[in-house]
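Enquirer: following is a predicted model, sequence given first.
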Amino acid sequence: MTLLLVAIGAAVGAPLRHLTDRAVQARVGSGLPWGTFAVNVAACLVLGTLTGAVLAGAAGDPVRALVGTGFCGALSTYSTFSWETLRLAETGRGRAAAANAVGSVAIGYAAVVVGLTLARVVWG
């Protein structure tokens, strides 16, 4: 059953990642990987909220498998983030690569904290 929940979550998360990335890049249009940044931060926010819900006893293992492992695992993408950061550096955009790396980690961490805080407000 757990494997099925992970697969269902991933089946939603992966296409959503692709569509969000394309929509953000089309709207922003810069040479920076804003689409990947957006999906990774969103996944961090959802995962932080889910973690808070699990810690409060408001969500259990099935929800963690569906949303945490499946959905967030497929929505976020460390490999694409790494590749895009490397491409920035290889094309002479070292400052942009550094900003992407540091900003993604810092804002991702902040999103997890916001999610945990939100969960504590909602589920005490």
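Expert: Everything's here; your move. This structure is a prediction, so every number in the text was calculated from the model and none was measured. Residues are numbered from 1 along each chain as shown.
Enquirer: verify the contact between Ala58 and Trp123 for me.
Expert: Yes - assessed by Cβ atoms under 8 Å, Ala58 is found in contact with Trp123 at 4.4 Å. (Glycine included, C-beta is placed from N, CA and C.)
Enquirer: for the chain, give me the ranges with low pLDDT.
Expert: Scanning the chain for pLDDT under 70 picks out nothing.
Enquirer: tell me where this protein has helices.
Expert: 2-28, 34-55, 61-63, 73-75, 78-90, 94-123 (DSSP state H).
Enquirer: list of residues touching the third one?
Expert: Read that as helix 61-63. Residues outside helix 61-63 that contact it (Cβ atoms under 8 Å, 6 or more residues apart in numbering): 1-2, 5, 50, 53-54.
Enquirer: on that earlier part again, dump the helices of the chain into JSON lines; add mean neighbour count as well.
Expert: As requested, these are exported to JSON lines (neighbours: other Cβ atoms under 10 Å):
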{"stretch": "helix 2-28", "mean neighbour count": "15"}
{"stretch": "helix 34-55", "mean neighbour count": "21"}
{"stretch": "helix 61-63", "mean neighbour count": "13"}
{"stretch": "helix 73-75", "mean neighbour count": "22"}
{"stretch": "helix 78-90", "mean neighbour count": "15"}
{"stretch": "helix 94-123", "mean neighbour count": "15"}
